[in-house]
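1. Predicted model follows, preceded by the sequence.
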Amino acid sequence: MAVSATGAVPRRAGPWGIGSAVWILALAALVLAGFWKTYFSRLSLADLVTHLHAGLMLAWMAMLLVQPWLVRTRRMSLHRQVGQFSYGVMPGVLVTALWLSQLRMAAAPPEMFSLQAMLLYLGTAASVMLALFWGLAIRHRRDSALHARYMVATALVMIDPAMARLVLALLPEGVRINPSWVGYALTFAVLGLLMWCERGAPRGRGVFRFVTLVFVVNFVLMHVVPGTQPWQAFARWWGGLAG
């Protein structure tokens with residue numbers, strides 16, 4: 001994570017840059033609540049790959065919190081040094097996410113194949129979006145207006161998996177609802193708020209419009225792709241690689 005080549009600090013604490021700490025903390029709380037039942041409350045039962053993935057994700061969230069603070073306090077040298085870790089952390093997040101999806105696909109019993117194929121798509125799509133937004137943030141690392149917004153977009157990818165798990169944990173028995181609808185509703189609400197807050201920003205306003213389009217496309221595809229024969233064939237092949 002970096003700022004402009006001149007080291008300039010934005011005058012206004014927008015929710016996409018040095019003013020993002022509050023809602024990033026809220027997101028961290030959502031992640032803790034969402035993954036409490038399936039991970040944090042049963043740490044001793046998780047395997048090494050799960051621990052590695054979780055640790056890297058937590059490291060990424062910590063970076064999203066500390067980097068804006070370093071900019072706010074004008075510790076630009078430390079900000080750049082910490083940013084170098086993203087070149088290891090984010091690829092690690094992506095590799096372990098794909099590794100986990102392969103192991104879980106391989107372990108799925110026949111009666112759970114359709115569900116696991118859907119989860120494989122959700123995890124793969126989330127990994128692609130993380131890679132896309134992080135890659136764009138790195139590409140624009142010398143342009144603080146674009147860089148900060150794309151880094152915020154990586155945080156938005158975490159909303160759906162955390163919210164979906166929280167919804168499933170809180171739903172009364174017998175009540176059925178697609179948890180991703182809730183997760184995406186919250187994601188689009190946050191994006192709408194971010195676009196509203198930056199309506200007077202001189203630069204970078206197109207970033208969140210682009211990010212919204214990416215989420216819309218994925219929301220549509222998640223209801224189409226997992227049930228297709230090509231995806232199910234891919235899911236069988238992907239799980240078979242773990243054997």
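-> The structure has been received and is ready for your questions. The structure displayed is predicted, hence computed values, not measured ones. Numbering: from 1, shown residues only.
2. make it CA atoms for all contacts and neighbour counts henceforth
-> Will do.
3. Break down the protein into its helices, ranges please.
-> 21-34, 48-72, 76-84, 86-107, 113-139, 144-156, 159-170, 179-197, 206-221, 229-240 (DSSP state H).
4. Can you say which of these is packed in most?
-> Greatest average neighbour count among those goes to helix 144-156 (a mean of 24), per mean count of other C-alpha atoms under 10 Å.
5. what about that one, distance to the chain center?
-> Centroid displacement of helix 144-156 relative to its chain, using C-alpha atoms, centre = their mean, to the nearest Å, is 12 Å.
6. So which elements touch it?
-> Counting by 3 or more C-alpha pairs under 8 Å, 6 or more residues apart in numbering; DSSP states H and E, the packing neighbours recorded for helix 144-156 are helix 48-72, helix 113-139, helix 206-221.
7. how big is the angle separating the shortest one from helix 144-156?
-> Using axes from the mean of the first three to the mean of the last three C-alpha atoms, to 10 degrees, the inter-axis angle of helix 206-221 relative to helix 144-156 is 30 degrees.
8. Touching helix 206-221 from outside, list them.
-> Under the contact criterion C-alpha atoms under 8 Å, 6 or more residues apart in numbering, helix 206-221 has outside partners 125, 129, 146, 149-150, 153, 184, 188, 191, 194-195.
9. nearest to residue 30, of these?
-> residue 184 (13.9 Å; C-alpha to C-alpha).
10. sorry, back to before: can you tell me which of the helices of the chain comes nearest to residue 40?
-> helix 21-34 (7.5 Å).
11. distance between the closest one and the chain's centre?
-> That offset, for helix 21-34, works out to 12 Å (C-alpha atoms, centre = their mean).
12. follow-up on the earlier one: save the helices and strands packed on helix 144-156 as TSV, and put in mean pLDDT too.
-> Formatted as TSV, the helices and strands packed on helix 144-156 follow (pLDDT from 0 to 100):
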stretch	mean pLDDT
helix 48-72	90
helix 113-139	95
helix 206-221	96
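13. Can you lay out the ones you listed as a markdown table showing distance to residue 103?
-> Converted to a markdown table, the helices and strands packed on helix 144-156 look like this (distance: least, C-alpha to C-alpha, whole Å):
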| stretch | distance to residue 103 |
| --- | --- |
| helix 48-72 | 9 |
| helix 113-139 | 10 |
| helix 206-221 | 23 |
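14. Relative to residue 176, which of the ones you listed is closest?
-> Of all the helices and strands packed on helix 144-156, helix 113-139 comes closest under C-alpha to C-alpha, at 14.9 Å.
15. What is the closest one packed up against?
-> By 3+ C-alpha pairs under 8 Å, 6+ apart, helix 113-139 packs against helix 86-107, helix 144-156, helix 229-240.
16. so what's residue 198 closest to, chain neighbours aside?
-> Nearest non-adjacent residue to residue 198, counting by C-alpha to C-alpha, 6 or more residues apart in numbering: residue 205, 6.8 Å away.
17. which ones are touching that neighbour?
-> 195, 198-199.
18. Compare the helices and strands packed on helix 113-139 and say which comes out lowest on pLDDT.
-> Ranked by mean pLDDT, the helices and strands packed on helix 113-139 end with helix 144-156 at the bottom, a mean of 90.
19. Please put the alpha-carbon coordinates of that one into PDB.
-> The C-alpha trace of helix 144-156 is given here as PDB (Å, rounded to 0.1, in the frame of the first residue of the first chain):
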ATOM      1  CA  SER A 144      -3.300   7.600  -3.800                       C
ATOM      2  CA  ALA A 145      -6.800   8.400  -5.000                       C
ATOM      3  CA  LEU A 146      -7.000   5.100  -7.000                       C
ATOM      4  CA  HIS A 147      -4.700   3.000  -4.800                       C
ATOM      5  CA  ALA A 148      -6.700   3.600  -1.500                       C
ATOM      6  CA  ARG A 149     -10.000   2.800  -3.100                       C
ATOM      7  CA  TYR A 150      -8.900  -0.400  -4.700                       C
ATOM      8  CA  MET A 151      -7.400  -1.500  -1.300                       C
ATOM      9  CA  VAL A 152     -10.800  -0.800   0.200                       C
ATOM     10  CA  ALA A 153     -12.400  -3.000  -2.500                       C
ATOM     11  CA  THR A 154     -10.300  -6.000  -1.300                       C
ATOM     12  CA  ALA A 155     -12.000  -5.600   2.100                       C
ATOM     13  CA  LEU A 156     -15.500  -5.600   0.500                       C
END
